[in-house]
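Undergrad: Sharing a model that was predicted from the sequence below.
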Amino acid sequence: MSSINQETIGNMIIDSHAHFVPPRLLDAIRDMNSQFPSIELIKGGENSFGFSFAGHKSTRPVSKLLSDTDGRLDWMNTNGIDMQVIGGWLDMFGYEIPADEGQRWSKLINHHLIEFCAENPRFLPLASLPMQDGKAAAKVLDFAHSSGFRGAMIGTQPKGKGGTLDDPDLQPFWESAHRNGSILFIHPMFDSGDERVNDFGMNNAIGRITDTLIAISRIIYSGHVETYHNAKIVIGIGGSALPFVIGRMMRNYELHKDQLADPSKALSLLYYDTLVHDPSALALLIKIVSVNRIMLGSDMPFPIGDPMPRNILDHVQLTTTERSMLETHVAKALFDL
């Protein structure tokens, strides 16, 4: 097993956007399923299963790649990646189930994530939270920080399909995130909520982006990003088009200044990843928000992610210092490594 020590942290390459489901978590879910009456396990092939939460449409089965420790480490070694930030799998966050059950479900996920990362120090975990209830989410976030987490990965639709992150019910969660200085990686849900993207693979190509853009735009205009500024918000997929539509968002703000918070201020408070697949798009992202707010990201292990996330940097004009900011120093500072 490879390990990380303080001497190597200064130059380590950090992938800030990935997902993992510890194998022992899957075993625990099988053994403890009767303790979660709102969660049905759906057999999805040999030694695999998906989930139905509160009778809703079943998720995809948990893929082998999501739980393959050796395969993940091999991939990291091949790509020259020293450390990877891992959240859970959004399909299994279970925002549809009752809050009390969701609280226990999130704690089960988090217990196995933090345990896995303690045994595999090349990984840094982000907690799961029961975002269907603001008070429950705040309790689990507080507990997660006391357990060693630096923050959480949260979905764009916190109460299932159609929920919003600016819901007044979530105020206790936002207060906890502000108080704890939590890193909050806002990630799209599997179902973007728009049936028009269900064809042509567009849910992956477009739906994830629009889902995230709508979610983050709401907490920008509502003032959450500024009000709870101690929470360090990360927007994957290169900001999910936000940096590229900031002009239009500013125009909307200028038309309704008495009702909306300033998007340009929020833009400077957010963090982003490099997952844009196109060097010209990354160059524009850097120009708009600067290398001081951008981190390497792969979305491993999903096919829509970048299987060779460092390669895009070879095709953007960067100084050695700028490249080291993207690959190392922004994430190192954000995650306090």
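TA: Yep, that arrived. This structure is a prediction, so every number in the text was calculated from the model and none was measured. Numbering: from 1, shown residues only.
Undergrad: Now do the lengthiest helix in the chain: everything it contacts.
TA: Assignment by DSSP state H gives helix 99-119 as the longest helix of the chain. When contacts are defined by Cβ atoms under 8 Å, 6 or more residues apart in numbering, helix 99-119 is touched by residues 1, 20, 22, 24-25, 28-29, 32, 35-39, 69, 86, 88, 92-95, 97, 123-130, 132-133, 135-136, 139-140, 143-144, 147-149. Yep, even glycine has a C-beta here, placed from its N, CA and C like the rest.
Undergrad: Now do the helices in the stretch 51-200 of the chain.
TA: Ranges of helices in the stretch 51-200 of the chain, per DSSP state H, counting those that start in this stretch, are 69-78, 99-119, 134-147, 171-180.
Undergrad: just to revisit the earlier point, CA atoms of the longest helix of the chain as PDB?
TA: What follows is helix 99-119 as a C-alpha-only set of coordinates in PDB (Å, rounded to 0.1, in the frame of the first residue of the first chain):
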ATOM      1  CA  ALA A  99     -35.000  12.200   7.500                       C
ATOM      2  CA  ASP A 100     -34.200  10.000  10.500                       C
ATOM      3  CA  GLU A 101     -33.500   7.000   8.300                       C
ATOM      4  CA  GLY A 102     -31.500   9.200   5.900                       C
ATOM      5  CA  GLN A 103     -29.400  10.400   8.900                       C
ATOM      6  CA  ARG A 104     -28.500   6.800   9.800                       C
ATOM      7  CA  TRP A 105     -27.900   6.000   6.100                       C
ATOM      8  CA  SER A 106     -25.500   8.900   5.600                       C
ATOM      9  CA  LYS A 107     -23.600   8.000   8.800                       C
ATOM     10  CA  LEU A 108     -23.200   4.400   7.600                       C
ATOM     11  CA  ILE A 109     -21.800   5.600   4.300                       C
ATOM     12  CA  ASN A 110     -19.500   8.100   6.100                       C
ATOM     13  CA  HIS A 111     -18.200   5.500   8.600                       C
ATOM     14  CA  HIS A 112     -17.000   3.200   5.800                       C
ATOM     15  CA  LEU A 113     -15.600   6.100   3.700                       C
ATOM     16  CA  ILE A 114     -13.500   7.500   6.600                       C
ATOM     17  CA  GLU A 115     -12.400   4.000   7.600                       C
ATOM     18  CA  PHE A 116     -11.400   3.200   4.000                       C
ATOM     19  CA  CYS A 117      -9.300   6.400   3.700                       C
ATOM     20  CA  ALA A 118      -7.600   5.800   7.100                       C
ATOM     21  CA  GLU A 119      -6.400   2.400   5.700                       C
END
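Undergrad: ok, which stretches of the chain are strands?
TA: In the chain, the strands defined using DSSP state E lie at 14-19, 39-43, 49-53, 83-87, 123-125, 151-155, 183-187, 232-235, 271-273, 294-295.
Undergrad: Including mean pLDDT and mean neighbour count, could these go into TSV?
TA: Output for these, formatted as TSV (pLDDT from 0 to 100; neighbours: other Cβ atoms under 10 Å):
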stretch	mean pLDDT	mean neighbour count
strand 14-19	98	27
strand 39-43	92	15
strand 49-53	93	20
strand 83-87	98	25
strand 123-125	98	25
strand 151-155	98	27
strand 183-187	98	23
strand 232-235	98	23
strand 271-273	98	27
strand 294-295	98	26
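Undergrad: Ok, which of those strands comes nearest Arg310?
TA: Closest to Arg310 of these is strand 14-19 (Cβ to Cβ; 9.0 Å).
Undergrad: Including mean neighbour count, could the helices of the stretch 51-200 of the chain go into a markdown table?
TA: Converted to a markdown table, the helices of the stretch 51-200 of the chain look like this (neighbours: other Cβ atoms under 10 Å):
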| stretch | mean neighbour count |
| --- | --- |
| helix 69-78 | 15 |
| helix 99-119 | 19 |
| helix 134-147 | 21 |
| helix 171-180 | 20 |
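Undergrad: and Ser63, which of these is closest to it?
TA: helix 69-78 (11.0 Å).
Undergrad: and that closest one, how far out from the chain's middle?
TA: Centroid separation between helix 69-78 and its chain, computed with Cα atoms, centre = their mean, to the nearest Å, is 20 Å.
Undergrad: ok, back up a step: Throw the strands of the chain into TSV and include distance to Arg218, thanks.
TA: Converted to TSV, the strands of the chain look like this (distance: least, Cβ to Cβ, whole Å):
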stretch	distance to Arg218
strand 14-19	22
strand 39-43	28
strand 49-53	23
strand 83-87	21
strand 123-125	27
strand 151-155	14
strand 183-187	11
strand 232-235	13
strand 271-273	18
strand 294-295	23
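Undergrad: So which of those strands is nearest Met76?
TA: It's strand 83-87; of the strands of the chain, that one is closest to Met76 (Cβ to Cβ) at 6.2 Å.
Undergrad: And the contacts of that closest one?
TA: 4, 12-20, 72, 76, 113, 117, 122-126, 128, 152-153, 185, 187, 298, 300, 331, 335, 337.
Undergrad: List the pairing partners of that strand within its sheet, with orientation.
TA: Sheet pairing of strand 83-87 (DSSP bridges) gives strand 14-19 (parallel), strand 123-125 (parallel).
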